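Asks: Build me a model from this:
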Amino acid sequence: MMLIARAFPLVCLLSPLFPPARAASGTTAQADTSALQFFGVRAGARLDELNQLLQRLEAGKLRCDRSRVDRRVNECRAVLTDPDLGGPAQLWVSAIDSVAGVITISSPAAPDQLDRWRRSLERRYGRVGARVQGTQWMMQWVRQGRMLRLTWRVDRGEKVASVSLVDGRVLDGWGRSRVRS
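Replies: The predicted structure follows:
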C-alpha cells in the first residue's frame, strides 16, 4: 500500500506534464508494443506470473504483505540477480486483487548499464527525449493505459536507475471500487 500511496499521486500529478511519448521520425518500434515490459516483467502482470518469472530466473519468490487498510492490496518485493540487469536489482510490486498496478525494478547503475537499459527500451518502443526534473532524469513510454518510465539520478555519488511499469487500468479500477465503497 505504501508504494501505491507514494507512486499513484505522483503519477497523477506528473502525467499532464509528460504527454504520451511518440516515436521519433524514422524510428520503427516492434509491431505490438501495447504490453509494455522490461526484462520479462510486464505492466499488469498477475502475481503468479511474476512468481513464475522469478522461479525461471532462480530468484526465489515474491515476499508479499497484505495491506491492513485494503485487503485487496499486496505490497511485494524480491531481488533479481541476473547479469543482464547489471547486478542485483530490487523488484517492488503493488498489486490489487493479485494484478500488478505498479512495478519498479531499481538498481545502482554500473557504468554502461543505464545505456543498455535505454537502448533496449528505445529499440522496442521507439526513441523519446529525456526530461529532467530537479536532479532526476526520465524517459517515458505510454501505450493503451499503461506507462513505462526509465528514471535515473545520482544519489550519494552513485548513479541509480529504475524502470517503473504502471497499469492505469488496474489503478483506475481500484480507484473506482474504493469510491463506490
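
Asks: Confirm that Leu54 sits in a strand.
Replies: No. Under DSSP: H, G, I helix; E, B strand; the rest coil, Leu54 sits outside any strand and is assigned helix.

Asks: And it, what's its pLDDT?
Replies: Per-residue pLDDT puts Leu54 at 89.

Asks: so how many other residues sit close to the nearest residue to it once chain neighbours are set aside?
Replies: Nearest residue to Leu54 in three dimensions, chain neighbours excluded: Ala78, at 5.6 Å (C-beta to C-beta, 6 or more residues apart in numbering). For the C-beta atoms, the positions are set from N, CA and C on the backbone; glycine is no exception. Neighbours of Ala78 under the rule other C-beta atoms under 10 Å: 22.

Asks: ok, now how distant is Ala78 from Leu91?
Replies: The spacing between Ala78 and Leu91, counted by C-beta to C-beta, to the nearest Å, is 4 Å.

Asks: Could you tell me which residues touch both of the two?
Replies: Contact criterion C-beta atoms under 8 Å, 6 or more residues apart in numbering; residues bridging Ala78 and Leu91 by contacting each: Leu50, Leu54, Leu62.

Asks: Including distance to Gln144, could those go into TSV?
Replies: Listed next are the shared contacts of Ala78 and Leu91 as TSV, based on distance: C-beta to C-beta, whole Å:
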residue	distance to Gln144
Leu50	20
Leu54	26
Leu62	25
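
Asks: Can you tell me which of those residues has the most neighbours?
Replies: Most surrounded of those: other C-beta under 10 Å gives Leu50, at 23 neighbours.

Asks: my guess is that residue meets Val41, correct?
Replies: Yes. Counting by C-beta atoms under 8 Å, Leu50 does reach Val41; the two are 6.8 Å apart.

Asks: Now list whatever residues contact both of those two.
Replies: Residues within reach of Leu50 and of Val41 at once, by C-beta under 8 Å, 6+ apart, are Leu91, Ile103.

Asks: burial count for Gly126?
Replies: Gly126 has 17 nearby residues by other C-beta under 10 Å.
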